[in-house]
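Enquirer: Below is the sequence, then the predicted model.
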Amino acid sequence: MSQLAVWEINFPGGISNGNVKWRAFVWAVSEAMLVVSIGINYLPPRWYKAVFRFALFIIMLDFFLCLIWLPIAVHNTYGFRSAKFVFTSTCTSNEKAFMFFLQAE
């Protein structure tokens, strides 16, 4: 849900705790996740193998997408940092370290 703010998705009234519609949406999503997690416990034991394989597939898909798309996204934005920069540069405050990740050179 926090990614919606990062991706600047427009939500009626804005994404903040002061927006009742946003809080209702967050609550509804969390309730849906609760229902799914409780529902899995009521599956017959012979289905556990399929549920485990599906969950493992989702985890592996996420991992391989990160391996594939992360280098492409880095290349298309600011590019990879050099080894000299990564291993020899120092930061004196947390603000500088934070800005390192946010700004492109």
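Expert: All right, it came through fine. Residues are numbered from 1 along each chain as shown.
Enquirer: and Arg23, what pLDDT?
Expert: Looking at Arg23, its pLDDT reads 90.
Enquirer: could you check the distance from the closest residue to it other than its chain neighbours over to Lys49?
Expert: The shortest distance from Arg23 to any non-neighbouring residue, by C-beta to C-beta, 6 or more residues apart in numbering, is to Asn17 (6.6 Å). C-beta here means a position set from N, CA and C on the backbone, and glycine is covered the same way. For Asn17, the distance to Lys49 equals 41 Å [C-beta to C-beta, to the nearest Å].
Enquirer: picking that back up, how about the secondary structure of the residue nearest to Arg23?
Expert: For Asn17, the secondary structure call by DSSP: H, G, I helix; E, B strand; the rest coil comes out as coil.
Enquirer: do the same with Phe80
Expert: Secondary structure, three-state DSSP: Phe80 is coil.
Enquirer: one step back: count residues in the vicinity of the residue nearest to Arg23, would you?
Expert: Around Asn17 there are 8 other residues, counting by other C-beta atoms under 10 Å.
Enquirer: next one: phi and psi at it?
Expert: Here is the backbone geometry of Asn17 (degrees, to the nearest 10): phi -70, psi -20.
Enquirer: any weak-confidence spans in this protein?
Expert: The chain contains residues with pLDDT under 70 at 86, 89-105.
Enquirer: same thing but 80
Expert: Flagging of the chain using pLDDT under 80 yields the residue ranges 1-9, 16-17, 75, 77-105.
Enquirer: now the helices for it?
Expert: For the chain, the helices defined by DSSP state H occupy 2-6, 20-41, 48-76, 83-88, 94-102.
Enquirer: how far is the first one from where the chain is centred?
Expert: To tie it back to what came earlier, the one meant is helix 2-6. Chain-centre distance of helix 2-6: 9 Å, with C-alpha atoms, centre = their mean, to the nearest Å.
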